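Chemist: What shape does this take:
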Amino acid sequence: MTIIISNSLKIKFLGGTLEVGRSAVAIKSRKTQLLIDYGIMIGFEPGFPMHVPPNEVDGIVLTHSHLDHSGTIPIFHIRGKMPVYGTPLSFELAKLLITDLIHISGYYLPFEYLDLQTMMDSCVKTNYREPRKVGDLTLELLESGHIPGGAQAIVESNGKRILYTSDFNSSNTGLLRGADQDYGNIDVLIMESTYASEEHMDRKTVEQRFINRVIVIVERGGTVLVPAFSVGRSQEILCILKKFQFKYSVTVDGMAKDANNILRRYPNYLRDGELFKSALNSAHWIKGWRDRRLATKKPGVIISPAGMLRGGNAIFYMNNISRKKENAIFLVSYQVPNSPGRKLLDTGKFIIRGKTMKVNADVDTFDFTSHCGRKQLIKTAELVGENAQIFLMHGAEENCQRLAKEIKTELGVNAISPSTGDVYNI
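Modeler: Just a heads-up that it's a prediction; the model follows:
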């Protein structure tokens, strides 16, 4: 489908439409084509965005390190360098996550570690609010409030300004400042729709409920397993425990340790870098299997990937912690349908490798989201002005379509939920 508005800029949606995963958008002027993100869909066999010939691309924007936005960028570096624009922190975290992706799914990937290294050699480190020229386009990154180093992107050409929010959160969290929403005049808004049908509980309320529940479990002699994403959520939980002066054992395992070592060098990207450093200094870091076994036998909190219990060291901890009723499993990350974490919430059972494990420990979930909720999304649409064209992506099909309808109804603004392959002339 093609809608003609004028003839100066072309937007093509390559992935991440009517779904969450493999986000990718191309913005093309008469002289320059810029890709914003080029992610991967994680599954038994990974899914990729639409193909774009590398010789037709002048640069790529990495908005943040999560694999559904970064995971396929190395494909553009098989035959040489291609400029990639992003924050210095996003590049380091992306290398960590993509390296792990290659280790786990290398057989299915169209690139190798050497191509990732070439990508890293091609990085153009870009700070927030630091304009970059890419051909006849101008790129500016704004803080997104989603994960450390994450960015929104504004692309401008001939007076037309396109805002791509990527994943964003306009509220302050225990780890990050809320998104920078001083956008100025915007002609096109490309916005995520992950939580278009949900409202989030007040963050302070969530934090207080979490810490109260943790203390109850630990003071009765139990151990709390917190399966959490290695980048972002693990660090936020550490900061919250420190903020509330949690006095019991806190143990960190898995890739979160590597992410923590990276973030330690970038305190300015965090809301309170000193709190984070203090939290790291107070935590115990797992060095081997002996440490893991000992951690499960003493009251305290264990923070370990995977956030959805799909793998990682959290599986070992589930085997040891879930059987005892004095223990608890507190899920703090989004659980996609059919994931082990979602099945645990829905059925009270943990299924791994086809086997059902009895769970006697308490199971609870806490909404530590790093995305905007419905009201925040509609407010952002209102903020860009009544004359903007709005495109909604990065959400389940029904969420994208519902939000488009609500924006039209409540704001009187034209909103569209495009499909992969759709092209729009701006």
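
Chemist: I'd assumed Phe366 was in contact with Leu331.
Modeler: Yes - at 7.3 Å, Leu331 counts as touching Phe366 under the criterion of C-beta atoms under 8 Å. Where you see a C-beta, it was placed from the backbone N, CA and C, and this is true even at glycine.

Chemist: With Phe244 as the reference, measure out to Thr223.
Modeler: 18 Å (C-beta to C-beta, to the nearest Å).

Chemist: quick revisit: looking at Leu331 and Phe366, which is more packed in?
Modeler: Ranked by neighbour count (other C-beta atoms under 10 Å), Leu331 and Phe366 place Leu331 first, with 22 against 19.

Chemist: residues contacting that one?
Modeler: Applying C-beta atoms under 8 Å, 6 or more residues apart in numbering, we find Leu331 in contact with Pro227, Gly307, Gly341, Leu344, Leu345, Val363, Asp364, Thr365, Phe366.

Chemist: State whether His394 and His146 are indeed in contact, as I suppose.
Modeler: No - using C-beta under 8 Å, His394 makes no contact with His146, being 11.1 Å away.

Chemist: intersection of neighbour lists for the two?
Modeler: In contact with both His394 and His146: Ser166, Asp167, using C-beta under 8 Å, 6+ apart.

Chemist: For Thr118, give me the backbone phi and psi.
Modeler: Torsion angles at Thr118 (phi, psi; degrees, to the nearest 10) stand at phi -60, psi -40.

Chemist: Name the nearest residue to it, sequence neighbours excluded.
Modeler: Excluding its sequence neighbours, the residue lying closest to Thr118 (C-beta to C-beta, 6 or more residues apart in numbering) is His77, at 4.0 Å.

Chemist: Would you confirm that the one you found contacts Phe111?
Modeler: Yes - using C-beta under 8 Å, His77 is in contact with Phe111, at 7.5 Å.

Chemist: neighbouring contacts of the helix or strand harbouring Asn260?
Modeler: Assigned by DSSP states H and E, Asn260 belongs to helix 256-263. With contact meaning C-beta under 8 Å, 6+ apart, helix 256-263 is reached by 89, 92-93, 96, 148, 228, 230-231, 234-235, 238, 252, 269-270, 276, 280, 285-286, 303-305.

Chemist: Show the buried residues in those.
Modeler: Using 16 or more other C-beta atoms under 10 Å as the burial test, these include 89, 92-93, 96, 148, 228, 230-231, 234-235, 238, 252, 269-270, 276, 280, 286, 303-305 as buried.

Chemist: If you count neighbours, what's buried in the helix holding Asn260?
Modeler: Ala256, Lys257, Asp258, Ala259, Asn260, Ile262, Leu263.

Chemist: now swap in stretch 123-137 and tell me
Modeler: Cys123, Val124, Thr126, Arg132, Val134, Leu137.

Chemist: hey, what's the closest residue to the fourth one other than its chain neighbours bridged with?
Modeler: Pointing back at Arg132 there. Spatially, and ignoring its direct neighbours in sequence, Arg132 is nearest to Leu139 (4.6 Å; C-beta to C-beta, 6+ apart). Note on Leu139: beta-bridge partners by DSSP bridges are Arg132, Val155.

Chemist: about what we covered before: among the buried ones among the contacts of helix 256-263, which ones are in strands?
Modeler: Members of those lying in strands (criterion: DSSP state E): Val252, Ile303, Ser304.

Chemist: Kindly reformat these as CSV containing distance to Thr380 and pLDDT.
Modeler: Below are these laid out as CSV (distance: C-beta to C-beta, whole Å; pLDDT from 0 to 100):
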residue, distance to Thr380, pLDDT
Val252, 34, 94
Ile303, 31, 95
Ser304, 34, 92
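
Chemist: Can you show me the strands along the stretch 251-400 of the chain?
Modeler: Per DSSP state E, counting those that start in this stretch, the stretch 251-400 of the chain carries strands over the ranges 284-285, 300-304, 328-331, 350-352, 355-357, 362-365, 389-393.

Chemist: Would you quantify the distance from the nearest residue to Phe368 once chain neighbours are set aside to Lys408?
Modeler: Counting by C-beta to C-beta, 6+ apart, Phe368 lies nearest to Val332, which is 4.7 Å off, once chain neighbours are set aside. Distance, Val332 to Lys408, using C-beta to C-beta: 34 Å.

Chemist: With neighbour numbers in mind, choose between those two.
Modeler: Comparing Val332 with Lys408 by other C-beta under 10 Å, the one with more neighbours is Val332, at 23 against 15.

Chemist: The worst-scoring helix or strand of the chain on mean pLDDT: what's the following helix or strand?
Modeler: One helix or strand of the chain scores below all others by mean pLDDT, DSSP states H and E: strand 2-4, with a mean of 45. Sequence-wise, the next helix or strand downstream of strand 2-4 (DSSP H and E) is strand 10-15.

Chemist: helices or strands up against that next one?
Modeler: strand 24-28, strand 33-38, strand 389-393, strand 423-425 (3 or more C-beta pairs under 8 Å, 6 or more residues apart in numbering; DSSP states H and E).

Chemist: what about the helices in this structure?
Modeler: Along the chain, counting by DSSP state H, helices occupy 67-70, 88-105, 113-121, 203-219, 233-243, 256-263, 273-282, 289-295, 314-321, 340-347, 374-383, 397-411.

Chemist: Can you redo those as JSON lines, where the extra columns are mean pLDDT and distance to Phe48?
Modeler: Compiled in JSON lines, the helices of the chain are given as follows (pLDDT from 0 to 100; distance: least, C-beta to C-beta, whole Å):
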{"stretch": "helix 67-70", "mean pLDDT": "96", "distance to Phe48": "11"}
{"stretch": "helix 88-105", "mean pLDDT": "96", "distance to Phe48": "12"}
{"stretch": "helix 113-121", "mean pLDDT": "98", "distance to Phe48": "14"}
{"stretch": "helix 203-219", "mean pLDDT": "96", "distance to Phe48": "35"}
{"stretch": "helix 233-243", "mean pLDDT": "96", "distance to Phe48": "26"}
{"stretch": "helix 256-263", "mean pLDDT": "92", "distance to Phe48": "25"}
{"stretch": "helix 273-282", "mean pLDDT": "95", "distance to Phe48": "34"}
{"stretch": "helix 289-295", "mean pLDDT": "93", "distance to Phe48": "35"}
{"stretch": "helix 314-321", "mean pLDDT": "89", "distance to Phe48": "27"}
{"stretch": "helix 340-347", "mean pLDDT": "88", "distance to Phe48": "25"}
{"stretch": "helix 374-383", "mean pLDDT": "96", "distance to Phe48": "27"}
{"stretch": "helix 397-411", "mean pLDDT": "95", "distance to Phe48": "19"}
